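S.K.: From the sequence below, what's the structure:
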Amino acid sequence: LSVANRRLHLMGDVDTTVEALKAADQRLRESGDTAGFKVRGQIAKEIAAVKKVQLADVVGIYSTLEMLEEDVAKLSVFLPYSGKSQDQQGSNQTEIKPAGVLNEVLDNALVEIEGIITIRRLDNPVTSIISPEQKAFITEQLSTKLVIVKLALVQQDDALYQVGIGDVLQWLHKNFTKDAALLSFAGELNRLKEVKIRSNFPDIGQSLKMLRNIAKLRLETDKALQTDAPAKQ
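M.R.: The predicted model follows:
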């Protein structure tokens with residue numbers, strides 16, 4: 001019975017808990033102790049309660065998180081980023097052209113590409129252009145946050161699991177473009193967020209308490225038997 005309590009509440013192992021309860025019931029049956037009848041009745045109730053526990057599909061959730069990690073590369077970072085490293089950009093800045101020449105070049109370029117480029121409405125204002133290193137950091141951070149969620153899942157830490165998914169969603173909406181890929185990504189996360197990885201396990205400690213007070217149960221049983229004997233006569 002002690003093993004059953006530990007396996008259920010510390011590890012969430014429903015199958016082993018049921019087997020341990022059945023083994024305890026078998027020991028009591030073999031003992032022939034009449035005081036064990038009440039304990040066996042309580043064990044039967046606890047077995048039925050444990051069998052009703054709905055466990056989360058940990059393997060399925062883990063597989064979904066693995067898939068999301070692979071899909072991180074498909075997401076577009078919100079802020080535009082340059083195609084050159086900061087060192088390369090710094091070396092090019094040494095060549096300075098007069099303002100008039102730059103304006104002429106820009107005007108000619110705008111005329112040539114007019115009607116070709118696509119203007120996309122953004123929900124957030126673009127305040128800066130980030131470097132490729134910064135873009136890589138944003139993407140890697142998203143992957144790291146997903147790893148934390150997987151660890152919480154394996155450890156069956158429901159609080160950390162919920163906080164972790166919330167952190168991923170916040171980072172996602174803050175740094176990536178709201179396109180079809182992001183909506184699909186966020187949709188999967190919101191679905192996973194609804195899952196409770198740790199169920200509300202029933203209390204199965206009553207049978208153990210009764211067994212520890214088996215001497216008291218024997219006295220009650222003997223008293224009941226003595227009372228029944230004259231009544232039958």
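
S.K.: Who are the packing partners of the helix or strand containing Gln134?
M.R.: Assigned by DSSP states H and E, Gln134 belongs to helix 132-154. Helices and strands touching helix 132-154, by 3 or more CB pairs under 8 Å, 6 or more residues apart in numbering; DSSP states H and E, are helix 58-71, helix 158-175. (Each C-beta comes from the backbone N, C-alpha and C, glycine too.)

S.K.: For stretch 183-202, buried residues please.
M.R.: Across stretch 183-202, burial judged by 16 or more other CB atoms under 10 Å covers 185-186, 189, 192, 195, 197, 199.

S.K.: Out of the helices and strands packed on helix 132-154, which is the most enclosed?
M.R.: helix 158-175 (a mean of 17; mean count of other CB atoms under 10 Å).

S.K.: ok, and what's touching that one?
M.R.: Residues outside helix 158-175 that contact it (CB atoms under 8 Å, 6 or more residues apart in numbering): 75, 77-79, 138, 141-142, 145-146, 148-149, 151-153, 182, 185-186, 189-190, 192-193, 196-198.

S.K.: Likewise for stretch 211-218?
M.R.: Residues from elsewhere that reach stretch 211-218 (CB under 8 Å, 6+ apart): 1, 33-36, 38-39, 210.

S.K.: Quick check on those: which are buried?
M.R.: Among the contacts of stretch 211-218, those scoring as buried are 1, 33, 35-36, 38-39, 210 (criterion: 16+ other CB under 10 Å).

S.K.: show me where this structure has helices.
M.R.: Using DSSP state H, the helices of the chain run over 2-11, 14-31, 36-51, 58-71, 86-92, 99-113, 132-154, 158-175, 180-193, 206-212, 214-232.

S.K.: Between those helices, which has the poorest mean confidence score?
M.R.: Ranked by mean pLDDT, the helices of the chain bottom out at helix 86-92, with a mean of 43.

S.K.: Enumerate the positions of stretch 30-49 that are buried.
M.R.: Buried-residue list, stretch 30-49, by 16+ other CB under 10 Å: 33, 35-36, 38-40, 42-43, 46-47.

S.K.: what's the answer for stretch 13-27, then?
M.R.: Residues 13-14, 17-18, 20-21, 24-25 are the ones in stretch 13-27 that count as buried (16+ other CB under 10 Å).

S.K.: outside of it, which residues touch it?
M.R.: Residues external to stretch 13-27 that are found in contact with it (CB under 8 Å, 6+ apart): 1, 3-4, 7-8, 40, 43-44, 46-47, 50-51, 53, 55, 204, 207.

S.K.: at 10 Å instead, please
M.R.: Stretch 13-27 is contacted from outside by 1-9, 11, 33, 36, 39-44, 46-55, 199, 201, 204, 207-208, 211, using CB atoms under 10 Å, 6 or more residues apart in numbering.

S.K.: Run the chain-centre distance for that stretch.
M.R.: Put simply, stretch 13-27 sits 28 Å off its chain's centre (CA atoms, centre = their mean, to the nearest Å).
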